[in-house]
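Participant: next come a sequence and a model predicted from it.
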Amino acid sequence: MTKPKREAKRWFDQGTRDAESAIKVKQQAIYELCCFLAQQAAEKLLKAFLYYQGEAPVVGHSTFFLAKQCQEYDGRFKKVLRACKRLDAFYIPTRYPNGLVEGVPYEVFDAEDAEQGLKDLEEIKSLVRSILVF
């Protein structure tokens, strides 16, 4: 396996693990953490695709901008841009009280947010999984 593919697999494997963790915490009604993990998993999966293409280092945390970068290699990433925008909205406010106007993350994020985050993540995961070959 080439070095870019090995690095891609590391990112893909951790992204997949984060996705599994997101599902587990949703089942425990820890919705803010589910939302955050969904964003983190999507970020890692998109980075896996970019490493697979030979890019290094792959930096940034915005799934939207990572997906736009991915789109330069494969036009199919256009269809996940809206999902990425929604996931990016979880990056800060699911973790920090000062990311919200009032309240704390565990009071604000709910089952519906978590469900949408998991759906968005699944869309990205399915696309990346359909392209990468290890």
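Facilitator: Structure received.

Participant: isn't residue 103 right next to residue 93, touching?
Facilitator: No. With contact defined as C-beta atoms under 8 Å, residue 103 does not count as touching residue 93 (9.9 Å). C-beta: built from backbone N, CA, C; applies to glycine.

Participant: so which of those two has more stuff around it?
Facilitator: When residue 103 and residue 93 are compared for neighbours, residue 93 comes out ahead with 19 against 10, by other C-beta atoms under 10 Å.

Participant: which residues touch the more buried one?
Facilitator: 99-100, 105, 108 (C-beta atoms under 8 Å, 6 or more residues apart in numbering).

Participant: tell me the one of these nearest residue 75?
Facilitator: residue 99 (33.2 Å; C-beta to C-beta).

Participant: need the next SSE after the longest helix along the chain, C-terminal direction.
Facilitator: What stands out as the longest helix in the chain, according to DSSP state H, is helix 3-27. Using DSSP states H and E, the helix or strand that follows helix 3-27 in sequence is helix 31-52.

Participant: what about that next one, average pLDDT?
Facilitator: The average pLDDT within helix 31-52 is 98.

Participant: okay, buried residues for the helix or strand following it please.
Facilitator: Next helix or strand after helix 31-52 toward the C-terminus (DSSP H and E): helix 63-71. Using 16 or more other C-beta atoms under 10 Å as the test for burial, helix 63-71 gives 63-64, 66-67, 69-70.

Participant: okay, those residues in JSON lines with pLDDT and distance to residue 33 next?
Facilitator: Converted to JSON lines, the buried residues of helix 63-71 look like this (pLDDT from 0 to 100; distance: C-beta to C-beta, whole Å):
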{"residue": "63", "pLDDT": "98", "distance to residue 33": "17"}
{"residue": "64", "pLDDT": "98", "distance to residue 33": "21"}
{"residue": "66", "pLDDT": "98", "distance to residue 33": "21"}
{"residue": "67", "pLDDT": "98", "distance to residue 33": "23"}
{"residue": "69", "pLDDT": "98", "distance to residue 33": "27"}
{"residue": "70", "pLDDT": "98", "distance to residue 33": "26"}
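
Participant: alright, I will stop here.
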